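> My questions concern the predicted model and sequence given below.
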Amino acid sequence: MHLLAAERIKLLSTRAPWACALLALAVTAGFAALVAGGGSESKDLPTVATTQFGYRFGLAVVLTLAALTVTTEYRTGTIHTTFQAVPRRAPALVAKAAVVAGFAFALGEVAAFGSWVACLVVAPPGADLALDSAADWTILAGTGAVYALGAVAAVGVGLLIEHSAGAVAVCVLYPLAVEDLIGAIPEVGEPVHRWLPFNAATKFLSGTGGASGGRSGGNANILSDSPLPQPWALAYFAVFALVVLGAGVLSARRRDA
């Protein structure tokens with residue numbers, strides 16, 4: 001409990017998490033409202049999935065924040081103090097990941113429901129944005145879990161890379177571009193893409209398109225080609241996050257701070 005309290009103080013006593021939180025809320029709600037307000041014809045009317053159009057941009061911000069919580073300590077040298085207080089290192093690093101994940105979960109929930117409210121305000125008449133199905137609730141309420149697990153993985157990336165620029169580049173480019181580029185590789189790309197972690201996270205959120213009227217693309221979330229059922233897709237993503245964190249903790253234990 002003392003480690004969790006210490007990591008919570010270190011995280012919330014700086015401006016960075018609050019600035020990232022505001023940025024994440026702005027990009028998720030802003031992109032969603034922009035897309036939802038642009039549909040006028042019946043086939044283009046926004047759906048519940050449309051309200052989450054900007055979730056990947058918010059996710060990139062959260063991943064960046066999580067990685068910086070580690071790399072900033074390496075840059076400033078405060079990681080030395082942490083490891084002197086907790087020589088075994090692993091408990092302190094796991095506590096850091098837990099605190100960042102909790103912050104990311106809360107931010108994900110606020111961003112998801114905030115985007116939905118923003119779309120309610122700007123959506124054209126006739127748009128059905130009511131949360132009246134399990135698919136609707138999953139795509140909103142599940143965002144916090146995806147952000148939290150993504151943050152755990154990003155802490156692991158920060159531990160593996162140590163340097164802010166490299167960790168941020170990975171955390172921004174991988175979920176926004178790399179997986180899509182892998183899927184575009186002829187012949188081998190599609191079967192590999194099905195098992196990539198953030199594709200599985202998308203499968204958990206979007207399922208078979210119940211929240212988007214079965215549409216894929218356009219102003220609805222692009223549906224995932226992952227073969228996993230939604231609960232298993234989340235479990236798969238969780239395993240990925242824990243493996244990356246575990247690799248980061250192991251790396252930190254084996255080298256000097």
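Great, that's in hand. If you're wondering where the values come from, they're calculated on a predicted model, not measured in any experiment.
> contacts and neighbour counts: CA atoms only from here.
Will do.
> So for stretch 181-196, what gets flagged as buried?
182-183, 193-196 (16 or more other Cα atoms under 10 Å).
> Would you mind putting those into JSON lines with distance to residue 16 and pLDDT alongside?
Output for the buried residues of stretch 181-196, formatted as JSON lines (distance: Cα to Cα, whole Å; pLDDT from 0 to 100):
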{"residue": "182", "distance to residue 16": "32", "pLDDT": "93"}
{"residue": "183", "distance to residue 16": "34", "pLDDT": "88"}
{"residue": "193", "distance to residue 16": "33", "pLDDT": "92"}
{"residue": "194", "distance to residue 16": "34", "pLDDT": "94"}
{"residue": "195", "distance to residue 16": "33", "pLDDT": "95"}
{"residue": "196", "distance to residue 16": "30", "pLDDT": "95"}
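> could you dump the residues you listed to JSON lines with distance to residue 64 and secondary structure?
Below are the buried residues of stretch 181-196 laid out as JSON lines (distance: Cα to Cα, whole Å; DSSP: H, G, I helix; E, B strand; the rest coil):
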{"residue": "182", "distance to residue 64": "22", "secondary structure": "helix"}
{"residue": "183", "distance to residue 64": "24", "secondary structure": "helix"}
{"residue": "193", "distance to residue 64": "23", "secondary structure": "helix"}
{"residue": "194", "distance to residue 64": "25", "secondary structure": "coil"}
{"residue": "195", "distance to residue 64": "23", "secondary structure": "coil"}
{"residue": "196", "distance to residue 64": "19", "secondary structure": "coil"}
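> which one of those residues is nearest residue 15?
Nearest to residue 15 among those is residue 196, at 33.1 Å by Cα to Cα.
> Mind naming the longest helix for the protein?
helix 90-122 (DSSP state H).
> Please work out which residues outside the helix or strand that it is followed by touch it.
Downstream of helix 90-122, the next assigned helix or strand under DSSP states H and E is helix 134-141. Contacting residues not belonging to helix 134-141 are listed as 48-49, 52, 109, 112-113, 131, 204-207, 209-211 [Cα atoms under 8 Å, 6 or more residues apart in numbering].
> buried sites along helix 134-141?
Buried residues in helix 134-141 (16+ other Cα under 10 Å): 135-141.
> Farthest pair within those?
Top of the distance list for these (Cα to Cα): 135 and 141, 10.0 Å.
> Test my guess that residue 160 contacts residue 247.
Yes. Between residue 160 and residue 247 there is a contact at 7.4 Å, judged by Cα atoms under 8 Å.
> Name the residues contacting each of these two.
By Cα under 8 Å, 6+ apart, no residue touches both residue 160 and residue 247.
> if we can go back for a sec, got TSV for the contacts of helix 134-141, with pLDDT, secondary structure and distance to residue 58 too?
Shown next, in TSV, are the contacts of helix 134-141 (pLDDT from 0 to 100; DSSP: H, G, I helix; E, B strand; the rest coil; distance: Cα to Cα, whole Å):
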residue	pLDDT	secondary structure	distance to residue 58
48	88	coil	17
49	87	helix	15
52	91	helix	10
109	97	helix	11
112	95	helix	10
113	96	helix	13
131	89	coil	22
204	95	helix	17
205	92	helix	15
206	88	helix	17
207	86	coil	20
209	80	coil	21
210	76	helix	22
211	72	helix	20
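> which among those end up buried?
Neighbour counting by 16+ other Cα under 10 Å classes 48-49, 52, 109, 112-113, 204-207, 209-211 among the contacts of helix 134-141 as buried.
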